[in-house]
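Visitor: Need a 3D model of the following:
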Amino acid sequence: MTDTTDTSTAPFLVDTAVVLTDAEREQVRAVAEGLVPAAGGLLDDPAWLSAARAASESLPHRLRCGLRDFRHDAGHDGTLLIRNLPVEAELPATPTRRGSVRRTATVAAAAIATVMLQLGEVIAYRSEKSGALVQDVVPVPGHEEEQSNAGSVRLHMHTENAFHPNRPHYVGLMCVRADPTGDARLCTASVRRALPLLTDEARRVLSEQRFMTEPPPSFGDLGGVTPVHAVLQGAAEDPDVLVDFASTHPLDDGAMRAMEELRGIFERTAHAHDLAAGDLAVVDNRLTVHGRTSFSPRFDGTDRWLHRVYAALDRRRSRPDAEAGGAVLR
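Guide: I've put the predicted structure just below:
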């Protein structure tokens, strides 16, 4: 996808990336390896998360500065790419079962967790992948046509967990094994790029409560939808976006036209990211929707494998949904 938007006068950062030097990568590896045995290596143990939170302060200074700058202003694209993070030298076969997660610490899992802890508090959802803090994004046999992380058809652009009142502020997607076919790409599109291209009528309609959103398949059969909501929320000149083009439903014809206009602009202004092993894409879930191109999995142990971790800025806001005040939300 090619972005032709003129950003010469844009007040935001563009194409934000931090490429670690080999020395910085080894510094991250040392931090991650130190965490592998912490709390018995149990990623979901509060003691492991506490150790990871402390260890995240030992990440390379340049990386921490890049994360802090991104947290201050996510830029015009709302995506931060961090390249050359450490992964295991020898990986097992890519998982092929639905709901696959990481329960035991690895170098890659510790690396993404410590990075995300520099942005906020790591969270998960009990109804999604059994509440694991580090989740696998892999193709699953029999689910190829599904609009979820288990599918391999084109994944429509979406706000992560758009239906949930306490959706994550940041989504981290770290590649541990690249797609051997080279077809699978993470796609991102920012409302900051889309907004100037929308008609006045579409902006007005999208800012009104004329839409509803269902839970995604990854949450199981929860039933119900969100309360009626607007797609564009907050400051009119720099709004947040809340939409899932697979499960957000316009409530009238005008809302449908406005949503289709937004979809088209997102498609025209999207970036397609080819992630290699050790690349982490952090998406600001308030500003930027993401999806994936279609690809053809082999199911032979060599397929694309990402780790996914969520981070939230305000634990107080989500506390009513937190189980025992912890990191897992209902």
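
Visitor: so is Phe163 in a helix, a strand, or just coil?
Guide: Using DSSP: H, G, I helix; E, B strand; the rest coil, the structure places Phe163 in coil.

Visitor: buried sites along stretch 41-56?
Guide: Going by neighbour count (16 or more other C-beta atoms under 10 Å), the buried part of stretch 41-56 is Gly41, Leu43, Asp44, Asp45, Trp48, Leu49, Ala51, Ala52, Ala55, Ser56. All C-beta atoms are positioned from the backbone trio N, CA, C, and that covers glycine.

Visitor: in the stretch 101-250 of the chain, which spans are strands?
Guide: 101-102, 121-125, 134-137, 155-158, 170-177, 186-190, 211-213, 232-233, 240-241, 248-250 (DSSP state E, counting those that start in this stretch).

Visitor: The second one pairs with which strands?
Guide: To tie it back to what came earlier, the one meant is strand 121-125. With DSSP bridges as the test, strand 121-125 is paired with strand 305-312 (antiparallel), strand 328-329 (parallel).

Visitor: Also the third one?
Guide: In its sheet, strand 134-137 lies beside strand 101-102 (antiparallel), strand 305-312 (antiparallel), with partners assigned from DSSP bridges.

Visitor: Contacts for the first one, please.
Guide: Strand 101-102 has contacts (C-beta atoms under 8 Å, 6 or more residues apart in numbering) with Leu43, Ala109, Lys129, Ser130, Ala132, Val134, Gln135, Asp136, His307.

Visitor: surely Val134 meets Leu43?
Guide: Yes. Applying C-beta atoms under 8 Å, one finds Val134 in contact with Leu43, separated by 5.4 Å.

Visitor: any shared contact partners between the two?
Guide: What both Val134 and Leu43 touch, as defined by C-beta under 8 Å, 6+ apart, is the set Arg102, Ala109, Ala113.

Visitor: if I look at the closest residue to Val137 other than its chain neighbours, how far off is Val140?
Guide: The shortest distance from Val137 to any non-neighbouring residue, by C-beta to C-beta, 6 or more residues apart in numbering, is to Leu306 (4.0 Å). Computed as C-beta to C-beta, to the nearest Å, the Leu306 to Val140 distance reads 13 Å.

Visitor: likewise Arg126?
Guide: Applying C-beta to C-beta, the value for Arg126 to Val140 is 20 Å.

Visitor: of the two, who's got more company?
Guide: Val140 (22 against 13; other C-beta atoms under 10 Å).

Visitor: how near is the closest residue to that one other than its chain neighbours to Thr248?
Guide: Spatially, and ignoring its direct neighbours in sequence, Val140 is nearest to Ala150 (4.0 Å; C-beta to C-beta, 6+ apart). Separation of Ala150 from Thr248 (C-beta to C-beta): 20 Å.

Visitor: where does the protein have low pLDDT?
Guide: The chain contains residues with pLDDT under 70 at 1-15, 217-218, 220-225.

Visitor: can you give me the helices for it?
Guide: 22-35, 46-55, 61-72, 107-117, 191-194, 200-206, 253-269, 315-318 (DSSP state H).

Visitor: which one of these lies closest to Glu146?
Guide: Among the helices of the chain, the nearest to Glu146 by C-beta to C-beta is helix 253-269 (19.8 Å).

Visitor: Report the angle between that closest one and strand 186-190.
Guide: 120 degrees (axes from the mean of the first three to the mean of the last three C-alpha atoms, to 10 degrees).

Visitor: for the nearest residue to Arg192 once chain neighbours are set aside, phi and psi?
Guide: Once flanking residues are discounted, Arg192 sits nearest to His76: 5.1 Å by C-beta to C-beta, 6+ apart. With angles defined as degrees, to the nearest 10, His76 sits at phi -70, psi -20.

Visitor: Now for the residue nearest to Leu20 when sequence neighbours are not counted: which residues touch it?
Guide: Nearest residue to Leu20, sequence neighbours excluded (C-beta to C-beta, 6+ apart): Asn84, at 4.1 Å. Applying C-beta under 8 Å, 6+ apart to Asn84 gives the contacts Val19, Leu20, Thr21, Asp22, Glu24, Arg25, Gly278, Asp279.

Visitor: give me that answer again for 6 Å
Guide: Contact partners of Asn84, counting by C-beta atoms under 6 Å, 6 or more residues apart in numbering, are Val19, Leu20, Arg25, Gly278.

Visitor: Among these, the buried ones, what's the ChimeraX command?
Guide: Buried subset of the contacts of Asn84, written as a ChimeraX selection, criterion 16+ other C-beta under 10 Å:
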select :20,25,278
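
Visitor: Of the contacts of Asn84, which is the nearest to Gly264?
Guide: Using C-beta to C-beta, Val19 comes nearest to Gly264 of the contacts of Asn84, at 32.6 Å.

Visitor: for that closest one, which residues make a bridge with it?
Guide: Arg83.

Visitor: from what I can see it touches Leu85, true?
Guide: No. Here Val19 lies out of contact with Leu85, judged by C-beta atoms under 6 Å, at a distance of 10.3 Å.

Visitor: is Cys175 in a bridge, and if so with what?
Guide: Leu306.

Visitor: measure it to Leu287 for me?
Guide: Per C-beta to C-beta, Cys175 is found 22 Å from Leu287.
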